[in-house]
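**Q** Turn this into a model:
(one chain, ligands or ions: 2)
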Amino acid sequence: MADLHVVILAAGKGTRMKSALPKVLHRVGGLPMIDHVIGAAHALGPRSVTIVVGHQADVLKAALSAHSDVTFVVQEPQLGTAHALLTTAPALRGASGTMVLLSGDVPLLSSKTLKTLLDRHESAGAAATVITAVIDDPTGYGRIVRSGEKIARIVEHRDATEQERAIREINSGIYAFALDGLFDALRNVAAENAQREYYLPDVIALYRRQGRGVETLLVSNVDEIRGINSRIELAAVSRIVRQNKNTELMAAGVTIEDPATTYIDPGVTIGADTILHPGVSIEGRSTIGGGCEIHSGARIIDSRVGDRVTVNNCCVITESSLAADSRVGPFAHLRGGAFVGEGARVGNFVELKKTTLGPGSKAMHLSYLGDAEIGANVNIGAGTITCNYDGVAKNQTTIEDGAFIGSDSQLIAPVTVGKGAYVGSGTTVRENVPAGALAVSAGKQRNIDGWVEKRRKKRD
Ligand code: UD1
Ligand code: CA
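**A** Numbering: from 1, shown residues only. Ligands and ions are numbered 1, 2, ... in the order given. This is a model prediction of the structure:
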């Protein structure tokens with residue numbers, strides 16, 4: 001195979017998005033749309049990946065800084081797609097072989113289709129090969145004008161005649177080019193069109209006039225080549241990504257009660273016999289075990305959930321872990337590396353931050369547990385609060401195995417409650433509680449007999 005270089009165009013303003021954010025950073029399936037494109041590019045094992053940026057170039061470069069293996073080229077001003085590709089000439093000086101041109105706003109293209117494109121292009125020895133598709137509503141796309149079997153040229157929607165607009169075969173904006181002679185051809189493209197822009201598709205007609213070989217690859221899955229130019233198209237493409245993910249999970253044994261309202265990012269894994277109720281979101285790099293039940297309104301982000309876990313309604317779980325057979329919610333908030341041990345239970349209106357709740361332990365009602373190490377079989381009473389912040393630093397609370405924390409207690413960290421110790425209701429724990437001890441801090445209760453009756457008489 002010839003050397004392969006990939007160029008991704010992403011300099012355009014994306015006017016139709018009406019957004020302060022560069023178009024290609026809008027998210028599809030939880031990732032900026034251009035990340036999907038970069039992923040497909042890398043899957044081809046190219047010698048180089050060059051991204052053409054321009055509008056808000058600095059924002060884009062900063063957002064993509066994690067991709068150390070791409071080169072950025074700035075196109076300023078943005079005079080059209082042919083001009084955009086021409087700006088990569090210095091970066092690709094001396095390069096030979098094949099260039100694959102991708103668009104930052106076409107995120108669903110698979111690397112499989114790109115490999116087919118390369119095969120077709122290289123086996124035909126073509127100067128250019130264009131991916132095309134036949135779609136029901138071609139509005140806005142460039143149309144493939146053929147003479148006989150062969151592609152003759154591509155005409156943009158704006159420049160097309162009524163007759164040409166009736167053509168339903170469209171240009172995907174994805175091409176393979178022989179690098180040989182490409183930049184010379186780009187220099188010969190004129191801006192004689194409605195937008196006064198240098199159109200890359202004009203290279204096709206130029207090559208045909210020069211007698212160079214131009215091929216097309218017609219893809220049958222039109223979803224792959226959908227471009228995103230507006231929020232409406234963003235929603236349409238996002239829906240396709242979701243449907244594909246849901247279909248894949250259902251085929252693998254996950255019950256999704258209402259796929260239309262279930263939002264699962266592409267990077268999520270879920271075990272068989274897990275049931276997802278309507279309105280669940282599972283995002284980022286989350287993994288969910290088998291036999292779980294996740295109820296409506298739960299949002300799980302970058303978290304690990306073991307087997308047979310129940311997540312009740314309206315829980316928010318971020319960067320946390322739930323071990324097998326645990327149950328959380330409804331209305332629980334787990335974040336910052338919270339860990340719920342095997343068979344442990346977290347009830348309603350309980351927040352866990354950077355806290356381990358050991359196996360078999362329970363915190364069922366109205367608690368804040370932050371920066372705490374809680375052992376096995378501990379009972380955390382309703383309204384317990386770890387006072388982990390002294391205004392300057394975060395401090396640690398340790399509650400050892402089998403301890404019992406009475407309701408409405410405050411644990412002023414740093415503090416340790418020893419193994420099997422009891423903390424009476426309403427205690428403010430300022431000092432360590434030894435194993436097996438009972439801690440109480442509330443004053444002795446006083447009852448004033450007949451007080452209610454006396455007060456009433458006074459008022460009368
Ligand atoms: C383009 C094609 C059209 C095709 C469609 C497929 C042209 C002239 N038209 O139209 O035939 O059917 O894609 O989706 O190529 N860009 C730059 N610099 C520029 C202009 C654009 O980098 O000066 C980038 C954009 O950021 C975008 C890509 O090139 O990623 C395509 O540009 P866009 O304006 O979206 O072209 P379309 O009108 O969609
Ligand atoms: Ca586009």
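**Q** Identify the residue nearest the residue of the stretch 351-460 of the chain found nearest ligand 1 in space, chain neighbours excluded?
**A** Closest residue of the stretch 351-460 of the chain to ligand 1, CB to the nearest ligand atom: K353 (40.9 Å). Every C-beta, even on glycine, is put in place using the N, C-alpha and C of the backbone. In space, and not counting its chain neighbours, K353 is closest to G370: 4.2 Å by CB to CB, 6 or more residues apart in numbering.
**Q** isn't the one you found right next to Q396, touching?
**A** No - G370 is beyond contact range of Q396, at 9.6 Å (criterion: CB atoms under 8 Å).
**Q** Between those two, which is the more surrounded one?
**A** Neighbour count, other CB atoms under 10 Å: between G370 and Q396, G370 has more, with 23 against 16.
**Q** Which residue, other than its chain neighbours, is closest to G267?
**A** R285 (5.3 Å).
**Q** Please, which helix or strand holds that neighbour?
**A** Using DSSP states H and E, R285 sits in no helix or strand.
**Q** Please list all residues in contact with it.
**A** 267-268, 302 (CB atoms under 8 Å, 6 or more residues apart in numbering).
**Q** Relative to ligand 1, which of those is nearest.
**A** G267 (23.8 Å).
**Q** Neighbours of the closest residue to F349 other than its chain neighbours, how many?
**A** Residue nearest to F349 in three dimensions, not counting chain neighbours: L366, with 4.7 Å by CB to CB, 6+ apart. By the criterion of other CB under 10 Å, L366 has 18 neighbours.
**Q** Can you give me every residue that contacts L366?
**A** Per CB under 8 Å, 6+ apart, neighbours of L366: 348-350, 382-383.
**Q** switch to 10 Å and redo it
**A** By CB atoms under 10 Å, 6 or more residues apart in numbering, L366 lies in contact with 331, 347-351, 381-385, 407-408.
**Q** so it, which of the three states?
**A** Assigned by DSSP: H, G, I helix; E, B strand; the rest coil, the conformation of L366 is strand.
**Q** Likewise for K112?
**A** helix.
**Q** for it, what are its contacts?
**A** 40, 43, 224.
**Q** quick one: which of those sit in helices?
**A** The helices, defined by DSSP state H, take in A40 from those.
**Q** Report the buried members of the contacts of K112.
**A** 40, 224 (16 or more other CB atoms under 10 Å).
**Q** The contacts of K112 also near ligand 1: which ones?
**A** Subset of these in contact with ligand 1: empty, counting by CB under 6 Å from any ligand atom.
**Q** And the contacts of K112, which is closest to ligand 2?
**A** Proximity of the contacts of K112 to ligand 2 (CB to the ion) peaks at E224, which lies at 14.4 Å.
**Q** Show me what the residue of the stretch 301-450 of the chain found nearest ligand 2 bridges to in the sheet.
**A** Of all residues in the stretch 301-450 of the chain, I301 sits closest to ligand 2, at 30.3 Å by CB to the ion. On the basis of DSSP bridges, I301 is bridged to E283, T318.
**Q** pretty sure it contacts D265?
**A** Yes - if you go by CB atoms under 10 Å, I301 and D265 touch, sitting 9.1 Å apart.
**Q** coming back round to it: in a markdown table: the contacts of R285, plus pLDDT and neighbour count.
**A** Listed next are these as a markdown table, based on pLDDT from 0 to 100; neighbours: other CB atoms under 10 Å:
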| residue | pLDDT | neighbour count |
| --- | --- | --- |
| G267 | 94 | 16 |
| V268 | 98 | 21 |
| D302 | 98 | 17 |
